[in-house]
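Chemist: Give me coordinates for this.
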Amino acid sequence: MTAASAPLEAESAAPARVMPIVEFLVVGGATPVLLALSWLARRAVPIEGARLAVSAAAFYAAFVVNDPHFSVTYFLFYRDVRARALGRAFSPVQRARYLVAGFVVPALLAAWGFGAIRLHSWWIMGLLLQTMFLLVGWHYVKQGFGVMTVLAARRGVRVTPFERLAVLAHCYAGWAWAWASRIGVPHQVEEKGVVYMTLGHGHGLDRIALVLFLATLGPLAFALGRKWLREGPLVTPIVAMLASVWAWTIGSSFDPLVVFVVPALHSLQYLYFVWLMRRNEAREREGPPHFDVSAKVRVGTLAASAIALGVLLFHAGPSYLDGVFVDAKHTLDDPLGPTPYFAAIYAFVNVHHYFMDWVIWRRENPETRFLVDRTSGAGAR
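Modeler: Below you'll find the predicted structure:
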């Protein structure tokens, strides 16, 4: 979720009620709990055994959490595609974003990935994978900012322009520092079977990024402190933002066990807002003039479809393509590895997901009105 701003004007006609503790945990509050559990586990059992167990659990959880968080975006984005691309469903500016994210970006990504395979170029494929890793931090922190503003709106609290600027500056600076501190000197890496050289950069870039990040701490503390005094603590919105920036982006590899579940935590945060939006919309459509099927059926169908599409995109599809076009030709010294189609599709879906979110989670999208429920926020901070 990469909301540029929260929809504050409208309310859902059929709000989704959630226990405050459940909402707190799914949007980021589970992170400190898991860090504490990891600390205890590493003192109770050998680290290798704990790492193996957590990584195996994360692998299987991906089928129902990580993969659907990507695939459900396609169902959200391409519904009513004709009205959105050619009709009046969107404003002209939002329609332009939709056309770029929905048609231009995937065409370029497909040409990039499959062109690398066709040319048998580990360098071109490596650039695509490095672009994915560059943008994933942007995606995480933008989602964290969007989640904070939406959760504040659900509590009837508006984010002022200064607060928005202070939080966004901190988010972007956190992303820049996280990326710069992990690149450094060019070196050889392997990702999804592809072996390539990273581009790297001078040592000064990570120091500049760190200085900029530290410079945003003062304005952030002032903005959030003033908001706390004026409107209450807003614990859940702030924790959701800080978890996205500090734990999942900057400190994603800090803990040897929690690192395996960071993508799942991010995905769970995302899916919570998909559920809010789709459930509230489905509940509104249960009555006149639509009289659609129940909200449970509509949301359940969406969930099952997202799981099925996730299996196709990340498992069945790439396995079939690599098995048909690569297996017989693969050699042990091939830098593209045995799964170049998996690498290309994985990068394609990730980067396309970031751009589709750039369109979906904006106030210009009329459907985001279903996220807001001011009536439920008084007692849930």
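
Chemist: what packs against the lengthiest helix in the chain?
Modeler: Using DSSP state H to define each element, the chain has its longest helix at helix 122-154. Applying 3 or more C-beta pairs under 8 Å, 6 or more residues apart in numbering; DSSP states H and E, one finds that helix 122-154 makes contact with helix 105-119, helix 161-183, strand 194-197, helix 235-242, helix 262-285, helix 340-360. C-beta coordinates here come from the backbone N, C-alpha and C atoms, glycine included.

Chemist: Identify each buried residue in it, please.
Modeler: 122, 124-130, 132-133, 135-154 (16 or more other C-beta atoms under 10 Å).

Chemist: Now do that helix against helix 105-119, angle only.
Modeler: 160 degrees (axes from the mean of the first three to the mean of the last three C-alpha atoms, to 10 degrees).

Chemist: avg pLDDT for helix 122-154?
Modeler: Throughout helix 122-154, pLDDT has a mean value of 96.

Chemist: Stretch 281-292 now?
Modeler: On average, stretch 281-292 scores 87.

Chemist: how deep is K329 tucked in, by neighbour count?
Modeler: Neighbour count for K329, taken as other C-beta atoms under 10 Å: 9.

Chemist: And the one 10 residues further on, by the same measure?
Modeler: Residues near T339, counting by other C-beta under 10 Å, number 21.

Chemist: my guess is it meets K192, correct?
Modeler: Yes. Assessed by C-beta atoms under 8 Å, T339 is found in contact with K192 at 6.1 Å.

Chemist: which residues does V262 contact?
Modeler: By C-beta atoms under 8 Å, 6 or more residues apart in numbering, V262 lies in contact with A247, W248, S252.

Chemist: Rebuild those residues as CSV, extending it with secondary structure.
Modeler: Output for the contacts of V262, formatted as CSV (DSSP: H, G, I helix; E, B strand; the rest coil):
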residue, secondary structure
A247, helix
W248, helix
S252, coil
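
Chemist: Most neighbours of all those residues, which one?
Modeler: Result: W248 is most packed of these (other C-beta under 10 Å), 26 neighbours.

Chemist: Pretty sure that one sits against S267.
Modeler: No. With contact defined as C-beta under 8 Å, W248 and S267 do not form a contacting pair (10.6 Å).

Chemist: excluding its backbone neighbours, what's nearest S252?
Modeler: V262 (5.0 Å; C-beta to C-beta, 6 or more residues apart in numbering).

Chemist: Quick check: that neighbour vs H290, distance?
Modeler: 39 Å (C-beta to C-beta, to the nearest Å).

Chemist: Identify the residues contacting stretch 301-316?
Modeler: 62-64, 66-68, 70-72, 74-75, 278, 345-346, 349.

Chemist: buried sites along stretch 168-186?
Modeler: 168-180, 183.

Chemist: out of those residues, who's nearest L205?
Modeler: Nearest to L205 among the buried residues of stretch 168-186 is A180, at 4.8 Å by C-beta to C-beta.

Chemist: Help me confirm that A58 comes into contact with S267.
Modeler: No. Judged on C-beta under 8 Å, A58 makes no contact with S267 at a distance of 10.9 Å.

Chemist: between the two, which one's more packed in?
Modeler: S267 (21 against 18).

Chemist: low-confidence ranges in this protein?
Modeler: 1-17, 330, 373-380 (pLDDT under 70).

Chemist: Mind doing that once more with 50?
Modeler: For the chain, applying pLDDT under 50 flags the ranges 4-16, 374-379.

Chemist: So Q94 versus V359, what's the distance?
Modeler: On the measure of C-beta to C-beta, Q94 and V359 end up 7 Å apart.

Chemist: Mutual contacts of the two, please.
Modeler: Joint contacts of Q94 and V359 (C-beta under 8 Å, 6+ apart) are N365.

Chemist: For R155, what are phi and psi?
Modeler: Dihedral pair for R155: phi -100, psi 10, per degrees, to the nearest 10.

Chemist: Roughly how far does it sit from H139?
Modeler: 25 Å.

Chemist: just L214 next, same as before
Modeler: From L214 to H139 the distance is 23 Å (C-beta to C-beta).

Chemist: Over to R79?
Modeler: For R79, the distance to H139 - C-beta to C-beta - is 21 Å.

Chemist: And for G28?
Modeler: 15 Å.

Chemist: same thing with V372?
Modeler: 23 Å.

Chemist: OK, contacts around the residue nearest to G310 when sequence neighbours are not counted?
Modeler: Leaving aside its chain neighbours, G310 sits nearest to D67 (3.0 Å; criterion: C-beta to C-beta, 6+ apart). Neighbouring residues of D67 by C-beta under 8 Å, 6+ apart: I307, G310, V311, L313, F314.

Chemist: among those residues, which ones are buried?
Modeler: Using 16+ other C-beta under 10 Å as the burial test, the contacts of D67 include I307, G310, L313, F314 as buried.

Chemist: any chance of those residues in CSV, plus distance to L35 and secondary structure?
Modeler: Formatted as CSV, these follow (distance: C-beta to C-beta, whole Å; DSSP: H, G, I helix; E, B strand; the rest coil):
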residue, distance to L35, secondary structure
I307, 29, helix
G310, 27, helix
L313, 31, helix
F314, 28, helix
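
Chemist: before we move on, the earlier item: more neighbours: which of Q94 and V359?
Modeler: The neighbour count for Q94 versus V359, taken as other C-beta under 10 Å, is higher for V359 (24 against 17).

Chemist: That one reaches A101, doesn't it?
Modeler: Yes. Counting by C-beta under 8 Å, V359 does reach A101; the two are 4.9 Å apart.

Chemist: got any residues that touch both of the two?
Modeler: Common neighbours of V359 and A101 (C-beta under 8 Å, 6+ apart) are F77.

Chemist: Just list the residues touching the residue nearest to G126 when sequence neighbours are not counted, thanks.
Modeler: Sequence neighbours aside, Y196 is the residue nearest to G126 in space, at 2.8 Å (criterion: C-beta to C-beta, 6+ apart). Y196 sits next to W122, W123, M125, G126, L129, Q188, V189, P335 when contact means C-beta under 8 Å, 6+ apart.
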